[in-house]
Structure formats: C-alpha cells, structure tokens
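*Asks:* Provide a 3D model corresponding to the input given below.
(2 chains)
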Number of protein chains: 2
Amino acid sequence: MPGGATILKPYKVDPSPFYSHVTHSTGNVNIITPAGQIGRKTDGSIPADPVEQIREAFHNLRRCLDSAGARMEDVLRLTYYIVDYDHQNPRHRQPYLDCFKTHRPATTLIPVTKLALPGIIFEVEATAAVPQHVTETVDVVVVGAGLSGLQTAVDLHKTGLKVKVCEARDRVGGKTYSVPAQGSVCDVGAAWINDTNQVRMFNLAQRFGLDLIVQNTKGSIVVDHGIGNCKTHPYGQLLSDADDKARIDEVIRLRDIFEATCQQIDITSPTASGKSVRADLDNITVEDWVRSHNPSSEDALNSLTIGSRAMLGVEPSEISALYFLDYCKSGGGYMLMRSDLKDGGQYLRVAQGTQSFSKGLANELPPDSMALMSPVRRIEQIPGGVRVVSARGVYNASRVVVSVPTPLYKEITFDPPLPADKLELSQSTLLGDYCKSIVFYNSPWWRKHDLCGLAQSCHGPFAVTRDSSVDADNHYSLTCFTAGEPAREWMKLSRKDRDQAVLDQLQKLYSPFAQMEDPIEIVEQIWQVRACVEP
Amino acid sequence: MPGGATILKPYKVDPSPFYSHVTHSTGNVNIITPAGQIGRKTDGSIPADPVEQIREAFHNLRRCLDSAGARMEDVLRLTYYIVDYDHQNPRHRQPYLDCFKTHRPATTLIPVTKLALPGIIFEVEATAAVPQHVTETVDVVVVGAGLSGLQTAVDLHKTGLKVKVCEARDRVGGKTYSVPAQGSVCDVGAAWINDTNQVRMFNLAQRFGLDLIVQNTKGSIVVDHGIGNCKTHPYGQLLSDADDKARIDEVIRLRDIFEATCQQIDITSPTASGKSVRADLDNITVEDWVRSHNPSSEDALNSLTIGSRAMLGVEPSEISALYFLDYCKSGGGYMLMRSDLKDGGQYLRVAQGTQSFSKGLANELPPDSMALMSPVRRIEQIPGGVRVVSARGVYNASRVVVSVPTPLYKEITFDPPLPADKLELSQSTLLGDYCKSIVFYNSPWWRKHDLCGLAQSCHGPFAVTRDSSVDADNHYSLTCFTAGEPAREWMKLSRKDRDQAVLDQLQKLYSPFAQMEDPIEIVEQIWQVRACVEP
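*Replies:* Predicted structure coming up:
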C-alpha cells in the first residue's frame, strides 16, 4: 500500500535529511488540505514548552489527515511557520521525525514574528494526496473491521458473496490491538475472554491456535482508601478484614441490590414497555441510583465508580443505570463482569494478543477484501443497491453492513438519511475515555509479596491495575487502567508527566506491601473519540 | 451540484466558525491555484481603508476562481497574510463571510510585517478543486447560454440532435438577469423589448406567458444642462421650450444627418467594398463624426454621448461611427433605438424579468443539456468533429457553436487557430462599462409631479434614469444607468459612496420639480469585462 506522495531527487546530493526537494502525486488522488495546525490541545490549552507545543501541532495534523483517511506517507508538502526561529536549534525536527518516521515531504520553513494567537510559536500546513482506486462492484460492503464487522464478512464470504471491508484505521481489529514490546506482545485494547459465557471467542482461540493464559488471582489485592491509607485483602474478599464490618455490609447490601436488578434485565428488550422499573432506570444515572438507596458511606459508589471507569471509561454520573446494568447483564451480570475467575470477564488472556482474533478472521477472507485507511464518508441508495464512498474509493454493492461504534454513525452521510432515532442515538452517545499504561518489569516482584497484581483506587489517575504478564515470554507487566474523568485530566499532561503520575500511584499503592522493581518500559495507549489516531 | 471541497470534522468541538480543520477534494478534479490576491482595484488603486482593501482582495480572488469556472464551494484552502494583525480585531472576517457565505475552507492565517507592495495589508491565497465529469459525447456543443446560444440549442434539440450548452456563469441568461427585490423582480441587465421590430422576443413572451408592461412615458422628462441648470419638457419633445431655438435646431440638424446616415447602412454588409463613405465611417469615431459636421454647441455631442453610454457603455470617442450606426440600424435606426414609444427600443418591459426568456428556453431542453460554471477553455478539431474543453469536463461533438461576446473569443484557445481577422476583432473589441442602480421607493412620487421618470444627464455618474416600476407588484423604482467613462470613475468608489453619488444626482435632477421620497432599497449591478463575477 504505497503512499500518495512520490519523492523525486532533483539534486545529485540531497542537502537535507529532513525533507525532499520535490514530491508528486500519482494516478487518481483526492487532495487533502488541513488548515494550518497549531499546538492547541483539545481542551483549548496551549503548551508553554515549545517542543511540547510543536509535538501537539503534529499530533493535530495527524488527526486532520486521519479523518480524511490520509497517512503520513500521503503528505506531499509541509510548510512550517515558526516564531523566533533559530536555525541552530531547529526544535521542530524531533517532533517531525517522530510523526513522519521515514517519510520526507517537500518542505518550506517560514520564520514569522507572530502567529494568529498569542503564545503560538509553531504552525504547520500540509497538503496530502490520497490515492483513489477505480470504482469496484461487490455484493456486500462491510463498514468497520472490528470483530463484528470481520465475523460478518467471513460469514458472507462463506456463502459465496463478494465482500469488501472498509476500515478507517490502517489495521484490522478495532479495539483488539496488540503491539510488540519486550520480545512479547501486549494488549493495549481489549485483553480478556473466558471459555464459558464467551464460548464463541473461545472457539475462535481454538481455531486460530492461540495460547490462553489464566488471569493471575493468586494472593492479595491492594485497595486505596484515600490519603496514605492502602490496604490489602485476599482476592475474592470484598474488603480488608481490618475494615469496619458495618461498612463492608453496606457495600455488600448495595452490590447485591445492583446484581439482583441486573439479573432482571432482558438484554433482548432492555426498555420493554410496561416494565416501569426499567424505564425509571434509564432516567437516572448510576450515581443517582446508588444515592437513591441511601448508602451510609461513599464505599459503594467508589466501588461502582471503579467498575464504570474500568468497563466503559465513564463516570457513574455519566451513564444511565439501565445502560450499565444492561451492559453488565450482557456479560452475565455485574459480579461476573468484575470477576477475574472462571466465568468472569477477566478470566483468560491471549499470549499472542487479542488482535489475533481479528487477524485470524481477516486471513479467512480473500486478499483483496480489505480496504484499510478507508473511512466511509457517504452511503447512498442507488437503483438496485448502495453506493459506499470511502476515503480511497467508491464501491457499488447490493447491501452494506455498518459495524462502527455508535458515535461514529454521525460521521457518515446517509442518503436517504438515517431514521431520526438512530441519528439521535449516535449524536447523544459518546465513546468513553479509556487509557492503558502497561508497565514492564524484569520480574513479577508483586508475586513474591503474595500480591496478585490487582489494585483498585479512586485516588489517582488509574482505577485498576492487573497482572498482564506472559510468563512464557518472560514478559512481566502491570497494566494500569486510567479512565473516565481522571483520564481526561491525565491526558492533558505531557507523556513524561503521564508516565510519572502512573509510577507515583503505583508507588503509593504497592510500596507499603512490596519491594518494587524499577520499570523497564511503559507502553501507553489512549483511546479517544477519534480513536483512529494511533502513535 | 456539490462543490469540489468536502469538509471533515476531526475534532469533537470545532473551535472556530470561520474555517474548517480539514477539507478534501473528491473524484476527478482540476486543481485551481490563484496567485496571492491583494486589494488592488482594476484601476491600480489600493484602498486605504483596511476593510475595503480586504473586501477588494476577496473580490479579486472570486474573479480568479470565476475565470477557472470555480465556485466558492470549490475552495479547499485559504491562506491569509496580514500586516499588523490584531487577533482581537480580525478585520478579514466580515469580508470573508460576505464572499464565502456558508462555505468554510481549511484556513491558515500568517501575520506578516509587510507584503509585496507598500500599502498592502492583506493577501489571500486559495486552492480550489473543480470537479471534472467523465468525457461526454454529444452532437453539438453550444458555448454560451445567453439568448442566442439557448435559441440555437433549442432549435438543434428540436431536430433530434443531442446538445450540450456550456455556460461560464452559474445561471443561464447572459445579460438577461432578473433578481428578486421588494417582493418583485427587477432587471439588472437587458430590460426592454417591443412587439413590432422585435417580434421574435414578443413571440417568446407569448410562449412563456410573460406579462408585458408598456414603458411609462406620461409626463415630462428632466434634462440636466449642467451646474444648477435642470429643465423639464414633455416626453417626445427634443428640448425644453425655454431653450434657445437655434440650439434646438442645431441638435435636430445633426440628429437628422445621423439618422439619415444610419438608414443607409446595410446591416448584412456594413463595410461593403466600393462604398467609400462607409469605410470612412469606420475610420472616425462618433465624436469625430459630430465635430466633422461643425456643430455650433456641445448639445448634439452631449445627446449622442447619452446615447452611446446608455446603449453600449462607451464614450462617443471610443467607437467608430460605423459601429454605432450599424448597431442602431439593427434596432431600426437611431431614433427608434432611443425611443420608449411603440416600435422603440424601450417600449415594453417584462413583469417577471427578461431572464424569463432564457429560463423558458433552457426549460425546453433536456435536463442534462446544461453545463453551468463551465467556461470553455479550448476548442480543437479532432477526426470527425471537435473536442471542447470546459472548466468541468470535456465534450466530443460533431459541431460546436460559439455564442459568446466578441471580446471573449480570445479567452478560448482554438486549434487550429481562429482566422486572423476574427482574432483581431476579438482582441480589439472591449465590452462597455455598464451599471444599473435600481432605486426603490414606496410610491412613484415622480408621476404625481407629471414626470415620466426619464431623465438625461452628462453631469454625474448616471446618464439616464427610467421608471422601472411593476405597479402590479407595488414595485416602484427608478433605474439609473451609469456607463462609459463616468462609470469607470464611479466604480472606484465604495458601494456606500456609489449609492450616495446616485442619490445626490437624483436629488439634483428631480428636487427642483418634485417632492421626492426617501429610497427604501438600491439594487446595483456592475457589468464588467469579466461579467461573470456577480455579487
């Protein structure tokens, strides 16, 4: 899959390793023209540190290109506008190299005295060319190469239909995303399955010959009760023996009501009419639900906060009780969803990474079935079928299956339009904020101190840690889950500060109970609404 | 007809309502790259007022895009270069909004310390993408959707031929252009027909069910004889009874010679060889012709000046006598061309506007016959026919009919080239400068004072006013014709100052004879060489 920008070399000796003298597009292309991008973060703040600001500007440029299905290799030209430019200290070079890797667009650098806003010291303007293939005709277009889209495509292919899967990212798998690290693989997205109520996933694991690892629950978990107050208790117990009996009973009381309510949900019809209790559940948030049961402490809410953050990347004040209950019931119930034991949501990991499921499914399709970096922009009915317009081409088909996260429906123009209800659902649904910091160590030091690696906290960026080691690879890591509101704050920090905040919290949680090792690497993944921006 | 620039939204919240973060082209496009445009007027002057200068730069940008057949909606990207930029007073925004309406290109703003010329405080650079359709094959291409082009196309269509009409503007009609105003319609271009020597137009009016209005000639006309010296006389008389008899006789003498010479012209062969008198007429200007008849005052020249301005938008010193005589003879003669009475050039107006003729003809063609915003750039002979290259696509045809104003031939590349004579004609012919200011009032106050609304003046921007009311719509207006040399000066003013100059002149002409009302709206149309630039 070559990029849209072809590099020419008009000089015998190229005077700079940081740009090309001339590039050009080849064949049919769409020209992508982002506005000049500055280092303003999504919260509106502008980093004072120049390099940080430049890095953010490149990140924003990538975001713009990505929305158009353009890769860095598609960039023909870059223009830099730099305030206080010092040719002996070209601060944009490292962020440029980090963003563009080996690609070298044709580049112009313009020193300027100021830019459009005070405090802005760097602006980058790019022109890209995204190759366009000739219009193809298939039987079915599947939009989205996550697990459901790929399974759909495989099922259709098996019936003999010609399928094209359009995927916005440059890879298959959606939230199954496994990256190499320390000679092993780590899951920066979805990480667990089980072999009982997730039997389809287990069967896929068998089909693709994947090695499954039982989640480590041996030893104690660490619970953070606030300032300087961390306690341990064996995995499976609710709180520490040292905790007040009345407080424990209160958490159990509310947990049991939540679980009982959860088990009443009919996931085939969660808002079934005539069941007033369920309609009520959709009118209050999880937090309000807890408060309506008059808890005597914050413990129960804290426990549900850790649950909603870790499962959905949102706060209990941000989702309806019914939505969360329905989500839990889909996994067997609230207790099972939180469990790392047999039948639980976190029972088995995949040594090769969960993206292996997606890659395995994709491999069962003919080689030309997959159109990566092809976000779909438009779906229109035409006589006898549909016309699907993606960033890299147009497909005519009899049918289209849209398998994208609900909030992304609104980024596709449907003609005729989607039903109003569906559109409203898309417009009023947000993806959660969900981040992983996978901290690698030379050995699983926590196990030596009878800790299983599970920790829970409402007092720091991350809500949960879990042992994510692959012992067979000598891969030992704790995965820290930063989600919901704390994630939004934490994401405003620089990468260095984010890592430090995670290490500080680990220190706070584990140092009272264990001799900790120094980390050897931290792999970070931030899942955002425009999740297709990946480092 | 969607634009060539598609807008994407890579951010959750778009921080600015004035630009898009990323745009892209779709499908086959031609990329249009105007030079940076500054606010220099066509006379070379640079407005001192910053907003006026910015407005002029956008106007020049539109002119550039227009010449390529690009619409504002085709603009992918804008880059502003602004001297003394103040982010708290972004003066370019209102001119931008006025020019781009709802379209939002990707935009970069670069504050600079100076630009290429002193006094220039703003430059705007644009990139546009004009969609290109696949090559079509038709029987005949007609270039230009004015009345003659459309009539040609209708005639060809009726014979069963497949026709494509390529029109530079985004509308049909050429100089027939009718715009809504005050709940009625006003003709900012050609406005009159008659039912005798323009019988084809009259028949079209019947065919399209148009309502015809007899031009108001009831009452007196106002004639401006210079500083503070306006007089009235009944319509049909040549000058006021108060005027000197000898002067009147002198005007009549020259008028009668001009009319007699006019009637001798053979419009099928105006420069027929062997008729030396006519060759002579082509070697002198109208002004020289008048002076060669030894007039005893400027009255006769003034009268012809008003005629040449009002009919052709030029001065008597700018056209050959033969050209003007031939033009007048084509309308039945000089006297008829100036007349608002039966058989005269200004006898009947069209309540629905004269563009209704063009729209009516266009409606008689199949829907896909019209290619708007498609200026033709190249016409070449190919085996068996012609290849016509327009801004939005290519047409192969057996024949092409070119129906554009003579000066525009030179904007088309012909291969093989046009005959030298034809090319010289195009290169040495200029369109006149011709403007209308249509001043709306609540009532036709002039009629109450026994004035017909016709006024003539050589002492102000406009040369003529006429009553252009549509009484049935309660539309009451005076149309002021500013043309020729005074138009060139007047066009240098701001819109506000242009309006004021027209109102001042109306005041001077009418206030001695009538209780004037305050105007309620002024509709302005400036017809220039690149007439396709319309507000």
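
*Asks:* residue numbers of chain A in contact with chain B?
*Replies:* Counting by Cβ under 8 Å from any Cβ of the partner chain, chain A comes close to chain B at A:28, A:30-37, A:40, A:42, A:44, A:63-68, A:81, A:110, A:112-118, A:123, A:125, A:127, A:130, A:132, A:377, A:389, A:411, A:529-530. Backbone N, C-alpha and C define where each C-beta goes, glycine included.

*Asks:* can you tell me which of those are buried?
*Replies:* Among the residues of chain A next to chain B, those classed as buried by 16 or more other Cβ atoms under 10 Å in any protein chain shown are A:28, A:30-37, A:40, A:42, A:63-68, A:81, A:112, A:114-116, A:123, A:125, A:127, A:130, A:132, A:377, A:389, A:411, A:529-530.

*Asks:* in stretch A:468-476, what's buried?
*Replies:* Within stretch A:468-476, the residues scored as buried using 16+ other Cβ under 10 Å are A:468-470, A:475-476.

*Asks:* between these, which is closest to A:T102?
*Replies:* Lowest distance from A:T102 to these (Cβ to Cβ) belongs to A:H475, with 28.1 Å.

*Asks:* contact partners for the closest residue to that closest one other than its chain neighbours?
*Replies:* The spatial neighbour of A:H475 that comes closest, neighbours along the chain excluded (Cβ to Cβ, 6 or more residues apart in numbering or on different chains), is A:S184 at 3.4 Å. Residues in contact with A:S184 (Cβ atoms under 8 Å, 6 or more residues apart in numbering or on different chains) are A:470, A:473-475.

*Asks:* spatially, which two of those residues are the most separated?
*Replies:* Based on Cβ to Cβ, the longest span within the contacts of A:S184 runs between A:V470 and A:N474 and measures 8.2 Å.

*Asks:* for chain B, give me its nearest residue in chain A.
*Replies:* Nearest residue of chain A to chain B (Cβ to the nearest Cβ) works out as A:G36 at 3.0 Å.

*Asks:* next helix or strand past the lowest-mean-pLDDT helix or strand in chain A?
*Replies:* Across the helices and strands of chain A, mean confidence by mean pLDDT, DSSP states H and E is lowest for helix A:276-283: a mean of 75. Sequence-wise, the next helix or strand downstream of helix A:276-283 (DSSP states H and E) is helix A:286-292.

*Asks:* now that next one - C-alpha only, CSV.
*Replies:* What follows is helix A:286-292, C-alpha atoms only, in CSV (Å, rounded to 0.1, in the frame of the first residue of the first chain):
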residue,chain,number,x,y,z
VAL,A,286,-25.7,5.0,38.1
GLU,A,287,-24.6,7.5,40.7
ASP,A,288,-28.2,8.7,41.4
TRP,A,289,-29.2,5.0,41.6
VAL,A,290,-26.7,4.4,44.4
ARG,A,291,-27.7,7.5,46.2
SER,A,292,-31.4,6.6,45.9
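
*Asks:* among the buried ones among the residues of chain A next to chain B, which are in helices?
*Replies:* A:63-67 (DSSP state H).

*Asks:* identify, from those residues, the entry nearest to A:L372.
*Replies:* Nearest to A:L372, judged by Cβ to Cβ, of those is A:D66 at 12.4 Å.

*Asks:* that older thread, return the subset of the buried residues of stretch A:468-476 lying in strands.
*Replies:* Those of these mapping onto strands are A:Y476, per DSSP state E.

*Asks:* got the buried residues of stretch A:468-476 as TSV, with pLDDT columns?
*Replies:* Formatted as TSV, the buried residues of stretch A:468-476 follow (pLDDT from 0 to 100):
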residue	pLDDT
A:S468	97
A:S469	97
A:V470	96
A:H475	95
A:Y476	97
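
*Asks:* so what touches the strand or helix carrying A:Q505?
*Replies:* A:Q505 is part of helix A:495-510 when elements are defined by DSSP H and E. Contacts with helix A:495-510, where a contact means Cβ under 8 Å, 6+ apart, come from A:222, A:224, A:230, A:437, A:439, A:446, A:451, A:455, A:457, A:460-462, A:465, A:478, A:480, A:482, A:490-491, A:493, A:516, A:519, A:522, A:524.

*Asks:* try it again at 6 Å.
*Replies:* With contact meaning Cβ atoms under 6 Å, 6 or more residues apart in numbering or on different chains, helix A:495-510 is reached by A:222, A:224, A:230, A:437, A:455, A:460-461, A:480, A:490, A:516, A:522.

*Asks:* the lengthiest helix in chain A packs against which elements?
*Replies:* Across chain A, the longest stretch assigned as helix under DSSP H is helix A:245-264. Secondary-structure packing of helix A:245-264 (3 or more Cβ pairs under 6 Å, 6 or more residues apart in numbering or on different chains; DSSP states H and E): helix A:299-312, helix A:321-330, helix A:334-338.

*Asks:* for the ones you listed, which one sits closest to B:P95?
*Replies:* Nearest to B:P95, of all the helices and strands packed on helix A:245-264, is helix A:299-312, at 47.3 Å by Cβ to Cβ.

*Asks:* compute the inter-axis angle for that closest one and helix A:245-264.
*Replies:* Using axes from the mean of the first three to the mean of the last three Cα atoms, to 10 degrees, the direction of helix A:299-312 lies 40 degrees away from that of helix A:245-264.

*Asks:* just want the angle from helix A:299-312 to helix A:321-330.
*Replies:* 70 degrees.

*Asks:* please narrow the contacts of helix A:495-510 to those residing in strands.
*Replies:* Among the contacts of helix A:495-510, the members falling in strands (DSSP E) are A:222, A:224, A:230, A:437, A:455, A:480, A:522.

*Asks:* can you name the residues bridging to A:C480?
*Replies:* For A:C480, the residues forming beta bridges with it (DSSP bridges) are A:S437, A:T465.

*Asks:* so it touches A:T465, yeah?
*Replies:* Yes: using Cβ atoms under 6 Å, A:C480 is in contact with A:T465, at 5.0 Å.

*Asks:* in strands, which of the residues of chain A next to chain B appear?
*Replies:* Checked against DSSP E, the residues of chain A next to chain B include these in strands: A:30-34, A:37, A:81, A:110, A:112, A:123, A:125, A:127, A:130, A:377, A:389.

*Asks:* out of those residues, which is nearest to A:E298?
*Replies:* Closest approach to A:E298 among these (Cβ to Cβ): A:Q37, at 42.5 Å.

*Asks:* can you select the buried ones among the contacts of helix A:495-510 for me in PyMOL?
*Replies:* Burial among these is assessed by 16+ other Cβ under 10 Å; the matching PyMOL selection reads:
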select buried, chain A and resi 222+224+230+437+455+460+461+480+490+516+522
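
*Asks:* turn the contacts of helix A:495-510 into CSV, including pLDDT.
*Replies:* Putting the contacts of helix A:495-510 into CSV (pLDDT from 0 to 100) gives the following:
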residue, pLDDT
A:V222, 95
A:D224, 91
A:C230, 89
A:S437, 97
A:A455, 96
A:G460, 91
A:P461, 95
A:C480, 97
A:W490, 92
A:M516, 97
A:I522, 97
